[in-house]
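> coordinates only, sequence not included:
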């Protein structure tokens with residue numbers, strides 16, 4: 001797992017801290033970041049110089065925490081998806097929770113996971129995302145609110161690590177900007193479980209497994 005020293009990257013520069021905290025809310029334009037800096041420094045917006053904004057944006061981009069891209073006439077800055085949860089942890093920022101899990105031939109896992117989290121109450125997930133073989137489509141019906149199943153070709157689900165990684169990355173990258181993701185690494189196919197574990201390590205995600213007594217055990221948990 002890549003080690004990142006955010007305190008060292010910030011280097012005592014308040015503007016960098018403000019930028020990162022603001023970007024945890026989602027992608028921002030230069031103007032939006034300028035307003036955030038003006039508010040923190042108690043200045044008029046024209047008191048935030050181009051140098052203050054863009055020098056620190058460039059620094060954060062060079063250190064691999066953020067990226068900038070242009071869409072139409074506006075340029076946006078955003079935190080790189082794999083760094084979002086790490087930065088949330090650094091600033092002690094909480095977000096709604098989404099559970100991501102593989103699911104095999106038994107759709108009862110959906111009910112089991114929901115009931116288990118309700119029973120232990122320490123974490124109350126907003127959503128449950130399940131990754132399944134397309135062969136399960138006809139067997140999974142009557143989903144609960146907040147539950148979604150993402151179907152992938154059976155061959156990919158069972159044997160194709162590369163395409164499974166691409167499939168799961170799209171799910172995680174689309175969700176992590178708004179929600180903290182925790183992953184179950186003990187359900188679904190072997191390929192699915194290994195891929196989720198890999199993303200847990202790369203994205204600093206909490207992960208768990210259910211034992212035979214349906215008790216949750218956590219690991220890679222700070």
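That came through fine. Remember, predicted model here, so these are calculated numbers, not experimental data.
> neighbours of the residue lying closest to residue 65 once chain neighbours are set aside, just the number please.
For residue 65, ignoring the flanking residues on the chain, the nearest one in space by CB to CB, 6 or more residues apart in numbering is residue 83 at 5.4 Å. Yep, even glycine has a C-beta here, placed from its N, CA and C like the rest. As a burial measure, residue 83 scores 23 neighbours (other CB atoms under 10 Å).
> what's the answer for residue 203, then?
A count of neighbours around residue 203, defined by other CB under 10 Å, yields 20.
> I figured it hits residue 181, correct?
Yes - applying CB atoms under 8 Å, one finds residue 203 in contact with residue 181, separated by 7.3 Å.
> can you pull the residues that touch both of the two?
Contact criterion CB atoms under 8 Å, 6 or more residues apart in numbering; residues shared by residue 203 and residue 181: 85, 172.
> hang on, the earlier thing: contact partners for the residue nearest to residue 65?
If a contact means CB under 8 Å, 6+ apart, then residue 83 has 4, 64-65 as its contacts.
> for it, what are phi and psi?
phi -100, psi -10 (degrees, to the nearest 10).
> relative to residue 129, how far out is it?
With the distance defined as CB to CB, to the nearest Å, residue 83 ends up 21 Å from residue 129.
> now residue 185
Remark: distance between residue 185 and residue 129 (CB to CB) = 14 Å.
> thinking again about what came up before, need the contacts of residue 83 in a markdown table with pLDDT, can you?
Supplementary listing: the contacts of residue 83 in a markdown table, determined by pLDDT from 0 to 100:
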| residue | pLDDT |
| --- | --- |
| 4 | 83 |
| 64 | 94 |
| 65 | 96 |
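> which of those has the most neighbours?
For the contacts of residue 83, the largest number of neighbours (other CB under 10 Å) sits with residue 65, at 22 neighbours.
> I figured it hits residue 80, correct?
Yes - look at residue 65 against residue 80 with CB under 8 Å: they come within range, at 6.4 Å.
> what strands flank the lowest-mean-pLDDT helix or strand in the chain, and is each parallel or antiparallel?
Taking mean pLDDT, DSSP states H and E as the measure, the helices and strands of the chain show their lowest mean at strand 216-219, namely a mean of 84. According to DSSP bridges, the neighbouring strands of strand 216-219, each with its direction, are strand 206-210 (antiparallel).
> could you list every residue that touches the most centrally placed residue in the chain?
For the chain, the residue whose C-alpha lies nearest the mean C-alpha position (CA atoms, centre = their mean) is residue 176; its distance is 2.7 Å. For residue 176, the residues meeting the contact criterion (CB under 8 Å, 6+ apart) are 81, 84-85, 203.
> which stretches of this structure form strands?
Remark: strands of the chain, listed N- to C-terminal, are 28-29, 66-71, 74-79, 97-102, 127-133, 147-152, 180-184, 206-210, 216-219; assignment by DSSP state E.
> just the angle for the third one relative to strand 66-71, thanks.
Here strand 74-79 points in a direction 160 degrees away from that of strand 66-71 (axes from the mean of the first three to the mean of the last three CA atoms, to 10 degrees).
> strand 74-79 pairs with which strands, and in what direction?
Listed by DSSP bridges, the sheet partners of strand 74-79 and their directions read strand 28-29 (antiparallel), strand 66-71 (antiparallel).
> tell me the domain ranges of the protein?
6-91, 97-219 (automatic domain parsing).
> so, low pLDDT: which residues of this protein?
Scanning the chain with the threshold set as pLDDT under 70 gives 1-3, 141-142, 220-222.
> which ones are touching residue 158?
Under the criterion of CB under 8 Å, 6+ apart, the neighbours of residue 158 are 133, 189-191.
> understood, closing this out.
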